[in-house]
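Undergrad: no sequence on hand, only this structure:
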């Protein structure tokens, strides 16, 4: 009478790594850092007493970039300006702001 050898499939297919739920520390840290970054920027905006929306876009290597949303044209903007006369916030195009070189020949 011979001894039967066990094969990997004798214990069932549920004991393989591919059928298990995964929890990766790198993914958790990346996700929480993204959320923390967004909340910090939002808190700083609220501290200024201004209501500006934040939007995100994906980067080439699966990252995430945070942008302001212009209150007037709703485009994603990296820099918002406060109009020197009206005190209104917006992007350079909406506030009709020019660089010094565009206005005067130097």
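TA: Received, thanks. None of these values were measured; they are calculated from a predicted model. Numbering: from 1, shown residues only.
Undergrad: hey, where'd the helices end up in this protein?
TA: Ranges of helices within the chain are 25-47, 100-103, based on DSSP state H.
Undergrad: and the longest one, average pLDDT?
TA: Per-residue pLDDT values over helix 25-47 give a mean of 82.
Undergrad: ditto for the shortest one
TA: Looking at helix 100-103 alone, the average pLDDT works out to 79.
Undergrad: hmm, back to that, mean neighbour count for the helices of the chain - can I get that in JSON lines?
TA: C-betas here are computed from N, CA, C, even on glycine. Output for those, formatted as JSON lines (neighbours: other C-beta atoms under 10 Å):
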{"stretch": "helix 25-47", "mean neighbour count": "11"}
{"stretch": "helix 100-103", "mean neighbour count": "8"}
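Undergrad: tabulate these (a markdown table), appending distance to residue 61.
TA: As requested, those are arranged in a markdown table below (distance: least, C-beta to C-beta, whole Å):
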| stretch | distance to residue 61 |
| --- | --- |
| helix 25-47 | 12 |
| helix 100-103 | 35 |
